[in-house]
Every structure is written in C-alpha cells, then in structure tokens.
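Student: sequence plus the predicted model coming up.
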Amino acid sequence: MITELIITSTIKITLVIIVILTGVAYSVYAERRISALIQNRIGPNRVGPAGLLQPIADVLKLLLKEDIVPAKATKPIHTLAPMISIFVALCTIAVVPFGDSIHLFSRDIRLQIADVNIGILYILALTSLGVYGITLSGWSSNNKYSLFGGLRSSAQMISYELSMGLSVVGVILMTGSLSLQDIVLHQFGWKWNIILQPIGFITFLVAAFAETNRAPFDLPEAEPELVGGYHTEYSSMKFALFFLAEYANMIVSSTVIVTLFLGGWQFPYLQTFGLPPLVVSLLQVFTFVIKVVAMIVFFIWVRWSIPRFRYDQLMNLGWKVMLPLALANIVITALLIAIFRS
Amino acid sequence: MLPNWLARPALAGLGLSPGYSFILYLALIFNHNLNFLQFTFENILILFFSLLAVFGALMMVTRKNPITSALYLILNFFCVSAIYLLLRAQFIAIIQVLVYAGAIMVLFLFVIMLLNLHDESKLSEKITYKKLSAILISLLLFSVLAITVYFSYMNKYREIHSSAETIGTIEVIGNELYTTFSFPFELVSFVLLAAIVGAIVLAKKKFD
C-alpha cells in the first residue's frame, strides 16, 4: 500500500515537474513571440522551425556561461537565494488538481500530487516564503540597486499577500472546504467562481500579478531605475534559476487561478455526454491545460499592454483599493450565504 | 541600531524558540520511546526533523552574522512544522510556516538588513552577570519543562492517538474556536486590535 503510494507519487511528481519546466521554457518563447507580435516585430525565428528550438539554445547558453559572484557578496546566501525561489515556485503545484481521477492499470489514480485538506493555506504559506529568495538575493549581492529591488519586492509581496488571502475567503465560504479538489468539484456545470465571485476573482488576479512580480507590478526589477533589481549581480545558471522561478511562478499562479475561479479541470456537462470514462478523464486534463495556457497568454498580454505602476500608486492600490474590496467581498458573500442558506 | 534595552528581549525571545523545539524533541522521544526501536517510515522522519530542528536551533544561537542566525531559525520553524504535520496537526503546521516563517521572520530579516550591522562584533558581548543569570534562568526553565514533559507523558501516549487524525483538522479547530472558546477568541482579537491601533498612534507621532 505505502510502496504503491510512493511509486505513484514519484511518477506524478516527475511528470508534473517535467511538464512545468518544459512549460517554463516555452512560455519564455511565447512571451518573446507575443511581445514581438504586439510591438510589430518578428521575434526569435531562427533556431529550428519558427524558432521553436530557441529555449534549448537559451538553456545551453546559460549553462555554459561563467558564474560570477561579486567579491564582497555573502557567498552562501548568494547561492541559497535562487534555490529558495525555485523551490517555492515548484512546490506550490503539489496541491493543484489537474484532473479528477483516471482509471489506469486496473486502479484509480487521482490526478493531483497531494489532496491536502488545507490546500489553499498551503499555497498561501508557500507564496509567503517566496519573499525570502528575492530579499536575500538583493541583500547578499552587496549592491544598492539589488538591495532596493529586494526591499521593494518584499514590501510589495507583503502588501498584496493580504488581499490575496482575503479574496480567497469568498471562495472558501462558497465551497465550505479548503481542499482544492473540493473547490473544483463545487464548480460543476457553469457554476464557476468567476461568475459567482467576480470581485474575488479581480482582487485575486491583481494580487497574483503582484505576487509573481509581473508587469504592471514589476517594480523590483524596474530596469530604468534599478538596472535589473535583485538579480543584477547574478550570472549563468543562478540567473537562469531566477528566470525559471519567475515563469514557473507565472504558470503555477495560472493553475491556481484556474482552479479557484475558472472551474479547474471541469468541462461544463462533460459527464452527461455519455463518453467512455478514460476519454472523459483525458478531456478534463486537456481542458485544464487549455485554461492554464489561456491564463498564461493573458499574463503575457497584460505585460506588454500596461505600463509599470509608480511605487506610491502600487502601495495605494494595494492598501486602499484591493484590501477594502476584498473585505467588502467577504462581508457580502457571508451575508448572502447566511440569507439564502437558512 | 536597536537600543540595547530592546535588543536583549528581542534576542531572548528568539532564543526561546530553540529551547522550545528541543523540548518538543524530548516530548517526542518520550512519547515514542518504544516506537523508536521499530524504524517505521514515520518515526525515521520524526527523528530526522527533530535532529534537524535541534541543529538549526544550535546554529541559530552560535552564528555571529544575524542574517545567518535568522535563516537557521527559519530552518528550525520548518522542522517544527514538519513534526506537527507528522503528529497530524495539519492546521498548526501550516500556520507555523505561514505566520512565523512567512510573516514574522520576513519582518525580522527586514529590520536586520536595514540596520546593516557592519560591525558584527557589536553583537557578540562579553560574559557579564546578566548573561550568566540568563543562562541560569534558561537552565531552570528548561529543567522545569523537561520534568513536566517527562512525567506527564511518560506512560500515557506511546503512539499517536487514533483521534489525532480528526482533532488537527481545520474544521474541528474552527468549530471549537467559534463555539467553546468564542469568548477568549474575541478577546484576543480585541487585544490585537488595541496593539495595532497603539502601533499606528506611536508611528504617527513621529511623523507629525
């Protein structure tokens, strides 16, 4: 029993990590091609057909570069910081369900690495740890631009964590469970949380953008002011790890947004079409992937459409708009539930 | 630089946590003193995390660089959280990470970084009567706690209680908090509110 659990978990973890890392490589490629499209350029199209092998070339290049550590940097922490970043980014995926369950080799396999009954708290806890990677990298580089980037990012993440946590409460109230699988199961048919919880969705989306340090909230690495922000002093694979972590974060938060608000792996009324169960399971996974890809494209689209916020605007938005909105959402949701359920 | 009268209690507060985890470790050894002979997967994990927690605590106290100390303390928090998880207290485990590692230590790290203690020798003090008395008091506290743990748990719980599975879940804790313990719960929230208002008043005075 326990060996079977360990074997299936290992297979699932390996598969998911491979998918995410490939996804990261190709979302970088997608980012470059889409940004080129938006800015009327061509983008990378030389390596392989339509530039599809570009990510592999990039990875090879980054691996072969010289690894430079500044002389006055605090070396152990300088090395540790990118590891923390990538650890946090990859661990969050553990509780996200990417399908119901699939019947293979005469047993039911749940398409989720761990169905923890405190799934959302797990995600919030891990994202709150993401600050360390960035702050420590900024501090240990012994460079004022890096330190500024690190501090900005910590302040930003701490401010938006609150509205992120609060905007989830609405969903939890509706579902009555913290398990992500339950939340997805609750959104059958068209009862997606984006329709039932529009304010929660918007606040969560904005907070997710801020948490992943993506434009329009990419102040930690604001090139014109801070050179490159917290990763100014990083080179070679350590820089690549930050890069990887940023895109992995983007993919993971897309999966979380899809799970919480866009119905997860649910395809409306798929179970009623009378298809064989294996096809249904595969279609559900496929639906999940399509939704996540759409979300990633949305992330990229926003980055190349909206200019960066000023720092005070960012803080004002976080504390004076998002937080009251999220709180109001909780109160309204609780009231409506109290009225209609009694 | 933090004023001295503030720095000491802060350090003492930090110092409490290693001792705390050591006691948790002791409790575990006593709880499982038979089970440890049977090397189940779970027991090996508990042993591993307890040893790692003690290691993190020791390193946290002995390092000179305050940032390194803070990082070892985070390692310690993680191990304690892992032990909670192995004892089926999921909610407390995740709150340990969310609140201590994710929020409080971030602020600590912030303060340490902004203070930018170039001269680390300032933090390493000579042995004074204060330090000696502190060591004595910690030893006393430790022995009291150890004895309590030893006598209260020695023969009672040799293995994880069968109801632990349900007690640690968020549903049960939430139900208890909002029914049996609703008054203390609300009281605590008022105390916290007062603390927040007080902090803002103090901070505003400085800027007005």
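Tutor: Nice, I can see it.
Student: alpha carbons only for contacts and neighbour counts from here, please
Tutor: Will do.
Student: what residues are up against whichever residue of chain B sits closest to chain A?
Tutor: Using Cα to the nearest Cα, the point where chain B gets nearest to chain A is residue B:98, with a distance of 4.4 Å. Taking Cα atoms under 8 Å, 6 or more residues apart in numbering or on different chains, we find residue B:98 in contact with A:121, A:124, A:125, A:126, A:128.
Student: does residue A:339 count as helix, strand or coil?
Tutor: Look at residue A:339: counting by DSSP: H, G, I helix; E, B strand; the rest coil, its state is helix.
Student: how much space separates it from chain B?
Tutor: According to Cα to the nearest Cα, to the nearest Å, residue A:339 and chain B sit 20 Å apart.
Student: what is the neighbour count of that residue?
Tutor: When neighbours are counted by other Cα atoms under 10 Å in any protein chain shown, residue A:339 registers 9.
Student: what does the pLDDT read for the residue of chain B closest to chain A?
Tutor: The model reports residue B:98 with a pLDDT of 86.
Student: in a strand, that's where residue A:108 is, yeah?
Tutor: Yes. According to three-state DSSP, residue A:108 belongs to a strand.
Student: count of neighbours near it?
Tutor: When counting by other Cα under 10 Å, one arrives at 11 neighbours for residue A:108.
Student: now do the contacts for it.
Tutor: Counting by Cα under 8 Å, 6+ apart, residue A:108 touches A:101, A:102.
Student: separation between it and chain B?
Tutor: Between residue A:108 and chain B the distance is 24 Å, computed by Cα to the nearest Cα.
Student: in helices only, show me the contacts of residue B:98.
Tutor: With helices taken from DSSP state H, the overlap with these comprises A:121, A:124, A:125, A:126, A:128.
Student: could you dump the residues you listed to a markdown table with distance to residue A:303?
Tutor: Shown next, in a markdown table, are the ones in helices among the contacts of residue B:98 (distance: Cα to Cα, whole Å):
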| residue | distance to residue A:303 |
| --- | --- |
| A:121 | 28 |
| A:124 | 24 |
| A:125 | 26 |
| A:126 | 24 |
| A:128 | 23 |
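Student: out of these, which are buried?
Tutor: Neighbour-count burial within those applies to A:121, A:124, A:125, A:126, A:128; the criterion is 16 or more other Cα atoms under 10 Å in any protein chain shown.
Student: pull the number of nearby residues for residue 130.
Tutor: No chain specified, so I'll use chain A. A total of 24 residues lie near residue A:130 under the criterion other Cα under 10 Å.
Student: sorry, should have said chain B
Tutor: By the other Cα under 10 Å criterion, the neighbourhood of residue B:130 contains 9 residues.
Student: now it: which helix or strand?
Tutor: helix B:129-153 (DSSP states H and E).
Student: that helix packs against which elements?
Tutor: Applying 3 or more Cα pairs under 8 Å, 6 or more residues apart in numbering or on different chains; DSSP states H and E, we find helix B:129-153 packed against helix B:4-31.
Student: so which elements touch whichever helix or strand comes after the helix it packs on?
Tutor: Per DSSP H and E, the first helix or strand lying C-terminal to helix B:4-31 is helix B:41-62. When contacts are defined as 3+ Cα pairs under 8 Å, 6+ apart, helix B:41-62 packs onto helix B:4-31, helix B:66-86.
Student: ok, now with 6 Å
Tutor: helix B:66-86 (3 or more Cα pairs under 6 Å, 6 or more residues apart in numbering or on different chains; DSSP states H and E).
Student: next, the angle from the helix it packs on to helix B:41-62.
Tutor: Following axes from the mean of the first three to the mean of the last three Cα atoms, to 10 degrees, one obtains 160 degrees for the angle between helix B:66-86 and helix B:41-62.
Student: ok and the residue in the stretch 1-150 of chain A nearest chain B?
Tutor: For the stretch 1-150 of chain A, the nearest residue to chain B under the criterion Cα to the nearest Cα is residue A:125, separated by 4.4 Å.
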